[in-house]
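**Student:** Pasting the sequence and the predicted coordinates here, then a few questions.
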Amino acid sequence: MFSSHLSPFTQYEVVIGLEVHAELITKSKMFCSCSADFFGAAPNTHVCPVCLAMPGALPVINKEAVAQTIRAGLALNCTIAEDVRFERKNYTYPDLPKGYQITQYELPQAVNGWLDIDTPDGVKRISITRAHLEEDTGKLVHENGASLVDYNRAGVPLLEIVSEPDMRSIDEVNEYLTRLRQILIYIGASTGDLEKGAMRMEANISLRPAGSEALGVKVEVKNLNSFRAVRNAIAYEIARQERILRAGGQVEQVTMGWLEAEGRTYVQRSKEDAHDYRYFPEPDLPPLRIERAWVAELAASLPELPHARRQRFVAQYGLSPKDADVLTAERPTADYFDALVAAVGEDMPAKKVANWVMGDLFRLVNDNGLPISDIPVTPEKFAGLLKLVAARTINANTASQVLKTMFKTGEGAQTIVQREGLAQVSDAAALETLVDRLLAEHPDEVARYRAGKVQLFGWFVGQVMRETRGKANPGVVQKLLKDRLNS
Amino acid sequence: MSHLPQTIHEARRLLRSGAMTSVELTEAYLERIAQMEPDIHAYLHVAEAQALAQARLADERMAAGQDTPLLGVPLGVKDIINVQGMPATAGSRILEGFMPPYEATVSRKLREQGAVFLGKLNTDEFAMGWSTENSAYGVTHNPWAQDRVPGGSSGGPAAAVAAGEAAASLGTDTGGSVRQPASWTNTVGLRPTYGRVSRYGVIAFASSLDQVGPITRDVRDSALLLEAIAGHDPKDSTTFSDAVPHYADMLDGGVKGMRFGLPREYFTEGMHPGVEKATREAVARLRDLGAIVEEVSLPHTDYGMPVYYLIATAEASANLSRYDGVRYGYSAKAPDLQENYKLTRGRGFGQEVKRRILLGTYALSAGYYDAYYLKAQKVRTLIRADFDAVFEQCDALVAPVAPIPPYRIGEAPTDPVALYLLDVMTLPSALAGVPALALPADFVEEDGAKLPVGVQFIGRPLDEATLFRIGRAFEQANEVA
């Protein structure tokens, strides 16, 4: 490279590609019938001759894992391959029982997809090179100077999603990961639970002078187990590589690890030490032929995906993009909202319903820590409450209180309103008497108001509401007060 | 041992008639083993107590009226096939003392059908060899000439059957490992179609080639045993789901009008005249029986050896990676991980296994993969096509099994390539995945010893029934002659 012509004012562009490993949700492991739900289990209790690589054991493909991979591939707009082949990736490590990992290499399950992300400049399409299926390794545990191996995780199906180097900033990376995780959770392919290691990331990072087409030398950073680690590692690498380039040096092509505690990358191996994995087709597994009818069946099993749902919430419900984003962030919330809007019907605009959900309901859900799908206030019950508001039977304040009670008791809104006599007083005659009495009792305030202290209007309203314990219809009260005070 | 039956079906006749119980029969075999083993060393493990327990169970089943072809019949199993409760060494130091925690599908099937396992039989280490000389646990002696090898790698199973130390046995054939020892011990050895018999629980050498096959005294036994072990296994994705025929009911019918091919490429330089003579005589016998025998060509035969040694070693290099001293088997217990790998594998594997791991690793390496492994796979397709083409014109092939009769222990060709040429006649059919049946044809005299020579019939995929029918006709004609 002709780094010498670069001036100290050269702007660098960062080029980032990501590899994401996501544990798939399946009942059993990739090649045996051991339960894949191993989290928290005692070490080496989810194992069998196959996943321990006992002499003579053979793998059998878990169809459910293939189905999940195809569903993920479809959700990421990939072409689903008809001919798929597993291969052996050979390397030696104690957590890899067979001494090779069975993975898809030359003929992966899904190729040439994309994922749209939001950027300040609008929607950007990140290309996805491939999404393929492989098996996870066991786990090394270092204790009292000894290393122990737990094979519970060995053979758990793993989806590897490889992007093109299409990202140009940490924000784009963060957005890509957030969207990707959201999709995988939406379609039920992965829990996306980062704390349990259900998603692990690797980033390829390189710099090039802004405007240059050629790619710079890339550095691969492995073992990134949280989005924060991804962001920090990339930030660190950008700074490190820029420093090297500015000093006229060259970035070395290496594989790096990330030291979370120290906040720095370190070289794991250089290009010369790169593994030769000696891939070859797995002779124990015949190539897979993926029937188109099956793919169609799996496509039909996919839910509406987050991006489409967001757009629909804007178009159909008239929500702002920001609100639509909040309400579609998680599928159960979006499901709840769809059901709620349907149940409320024409009685209240969806935008208003959204405010109720994002305000009062979210507060209650957060305080209770229950998943929205399990709360006692079903969309139907909540709709009952909102209909009372729409009909002005109760006002907003009362409705907030009733919602709290509903959350606690699981009762319907009508039941609570009736029992506690919370129905709004809209009877003008009754309120007229009350307003007249109030004005008679506070001649000073009336005088001050009439002398121009119009701010007192709110105080009068408040007094009426207090007298009626919030049940008065605020519109009626305001009209009455205005009539009396301004006459 | 006059009261020992010669075959499975004879043993069944004795058991059924009540002339003997399975326990008595098993005891007789155990006695025979005790008597023969100092000279033969076919067994690596004799499972006396378990065999007798199985025999008692078989007697109970017979008392309850059961009558199945293997019920109560004592068999031996090559020590590369897992049998519950018995060690499995694969003839290797690295698996010394290893007790498999599960049973191979073939063993389970035989157990369910009431067979009795006498013990585990010697093999070249991980089935890599021609003589059992590569076994970490000593060489097996050929019962026909005890200073000679029995062939291999299923030398233990072949010798045990030849010496009457089991009614029949199971071996494995990767490149000829059932047929060649059968040919050298005057027994019947079948390599089934690849995918006909489950490999689950069979310690892998080369996954795309390994196949379990029976070694028996006659063709009927071979048919009985194949029927007992064949069939689809949900635990082995490479098995066929085709129904298993009742082979033993399909033995008769003869070879009249059948068309045989005699592959001209199998008559190589350096072939022992006795082997060539035995094959020519077999051809003559087939013609006498009314068959048509024509010379055919399998043009890619010469590539069988290099293709086999690239593919088999490549697969083996990966298959043997699991022996790392971490979970089971021998471990050098060195404190450092890399050191432990080196010492464990360095001490645990023998020379031939190491040589093949190196070959296979090399063939798969970046920069060599296309020239070696990939090229070998392409040529393998051509070799298959050779067989497809000849089976258009003929029902089966007739061919020699090994170019020479059994050699003296310790007198194997010293050049590995010369040694590898020993199985040029069994490799192509193994690569093509087609079935082949080796059976006794003749004897040659060498230094006063009478050395068995076999002949093999190679058939269409999944057409073992035709091979048995041919074998039965040939066997009967031989008995008369």
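**Tutor:** Structure received.

**Student:** Other residues contacting whatever helix or strand residue B:431 lives in?
**Tutor:** Here residue B:431, judged by DSSP states H and E, is contained in helix B:427-432. Contact with helix B:427-432 is made by B:173-176, B:191, B:194, B:209, B:211, B:298, B:300-301, B:304-305, B:307-308, B:311, B:380, B:383-384, B:386-387, B:435-436, B:458, as judged by Cβ atoms under 8 Å, 6 or more residues apart in numbering or on different chains. (Each C-beta comes from the backbone N, C-alpha and C, glycine too.)

**Student:** again with stretch B:467-481
**Tutor:** Residues contacting stretch B:467-481 (Cβ under 8 Å, 6+ apart): B:188, B:190, B:218-220, B:222-223, B:247-248, B:250-255, B:258, B:282, B:285-286, B:288-289, B:396, B:435-437, B:439-441, B:455, B:457, B:459.

**Student:** Quick one: neighbours of residue B:241, just the number.
**Tutor:** 9 (other Cβ atoms under 10 Å in any protein chain shown).

**Student:** hang on, isn't it packed against residue B:233?
**Tutor:** No: between residue B:241 and residue B:233 there is no contact, the gap being 9.7 Å when judged by Cβ atoms under 8 Å.

**Student:** Downstream of the helix or strand hosting residue A:221, the next helix or strand is which one?
**Tutor:** Per DSSP H and E, residue A:221 falls inside strand A:219-224. Sequence-wise, the next helix or strand downstream of strand A:219-224 (DSSP H and E) is helix A:227-246.

**Student:** quick revisit: the contacts of stretch B:467-481 in helices, which ones?
**Tutor:** B:219-220, B:222-223, B:282, B:285-286, B:288 (DSSP state H).

**Student:** Filter the residues you listed down to the buried ones.
**Tutor:** For the ones in helices among the contacts of stretch B:467-481, a burial check counting by 16 or more other Cβ atoms under 10 Å in any protein chain shown picks out B:219-220, B:222-223, B:282, B:285-286.

**Student:** Only the buried members of the contacts of stretch B:467-481: can you turn that into a ChimeraX selection?
**Tutor:** Entered in ChimeraX, the line below selects the buried ones among those, by 16+ other Cβ under 10 Å:
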select /B:188,190,218,219,220,222,223,247,248,251,254,255,258,282,285,286,289,396,435,436,437,439,440,441,455,457,459
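
**Student:** picking that back up, for chain A, state which of the ones in helices among the contacts of stretch B:467-481 is nearest.
**Tutor:** residue B:222 (23.3 Å; Cβ to the nearest Cβ).

**Student:** Tell me the predicted confidence for that closest one.
**Tutor:** Residue B:222 is assigned a pLDDT of 98 by the prediction.

**Student:** What are the neighbouring residues in contact with it?
**Tutor:** Residue B:222 neighbours (Cβ under 8 Å, 6+ apart): B:188-190, B:214, B:216, B:437, B:468, B:471.

**Student:** roughly how far apart are it and residue B:331?
**Tutor:** Going from residue B:222 to residue B:331 by Cβ to Cβ, to the nearest Å gives 40 Å.

**Student:** a helix runs through residue B:386, doesn't it?
**Tutor:** Yes: using DSSP: H, G, I helix; E, B strand; the rest coil, the secondary structure at residue B:386 is a helix.

**Student:** Name the nearest residue to it, sequence neighbours excluded.
**Tutor:** residue B:298 (4.2 Å; Cβ to Cβ, 6 or more residues apart in numbering or on different chains).

**Student:** Verify the stated contact: the one you found with residue B:391.
**Tutor:** No: the pair residue B:298 / residue B:391 is not scored as a contact, 10.8 Å apart, by Cβ under 8 Å.

**Student:** Give me the number of neighbouring residues for the residue lying closest to residue B:102 once chain neighbours are set aside.
**Tutor:** In this structure, residue B:102 finds its nearest non-sequential neighbour in residue A:49, 4.7 Å apart by Cβ to Cβ, 6+ apart. Residue A:49: 20 surrounding residues under other Cβ under 10 Å.

**Student:** hang on, the earlier thing: what are the neighbouring residues in contact with the residue nearest to residue B:386?
**Tutor:** Contacts of residue B:298 (Cβ under 8 Å, 6+ apart): B:263, B:265-266, B:383, B:386-387, B:390, B:428.

**Student:** Of the residues you listed - the most surrounded one?
**Tutor:** Ranking these using other Cβ under 10 Å puts residue B:428 first, with 31 neighbours.

**Student:** who are the neighbours in contact with residue B:383?
**Tutor:** B:298, B:300-301, B:303-304, B:307, B:428, B:431-432.

**Student:** what's the distance between residue B:336 and residue A:146?
**Tutor:** 13 Å.

**Student:** how many other residues sit next to residue A:286?
**Tutor:** A count of neighbours around residue A:286, defined by other Cβ under 10 Å, yields 14.

**Student:** With residue A:104 instead?
**Tutor:** 23.

**Student:** for the spatially closest residue to it that is not a sequence neighbour, what are its contacts?
**Tutor:** Residue nearest to residue A:104 in three dimensions, not counting chain neighbours: residue A:132, with 3.8 Å by Cβ to Cβ, 6+ apart. Counting by Cβ under 8 Å, 6+ apart, residue A:132 touches A:69, A:103-105, A:108-110, A:159-160.

**Student:** Of all residues in chain A, which one is nearest the centre?
**Tutor:** In chain A, the residue lying closest to the centroid (Cα atoms, centre = their mean) is residue A:182, at 3.6 Å.

**Student:** if I read this right, residue A:232 contacts residue A:263, doesn't it?
**Tutor:** Yes: counting by Cβ under 8 Å, residue A:232 does reach residue A:263; the two are 6.2 Å apart.

**Student:** Off-centre distance for the host helix or strand of residue B:14?
**Tutor:** According to DSSP H and E, residue B:14 maps onto helix B:8-17. Here helix B:8-17 is found 25 Å from its chain centre; the criterion is Cα atoms, centre = their mean, to the nearest Å.

**Student:** C-terminal to that helix, what's the next element?
**Tutor:** helix B:22-40.

**Student:** Strand partners (parallel or antiparallel) of the following helix or strand past that following helix?
**Tutor:** Next helix or strand after helix B:22-40 toward the C-terminus (DSSP H and E): strand B:43-46. Here strand B:43-46 has these sheet partners by DSSP bridges: strand B:116-121 (antiparallel).

**Student:** residues from chain A in reach of chain B?
**Tutor:** By Cβ under 8 Å from any Cβ of the partner chain, the residues of chain A that approach chain B are A:49, A:52-61, A:88, A:90, A:92, A:94, A:97-100, A:147, A:149, A:276, A:278-280, A:283-286.
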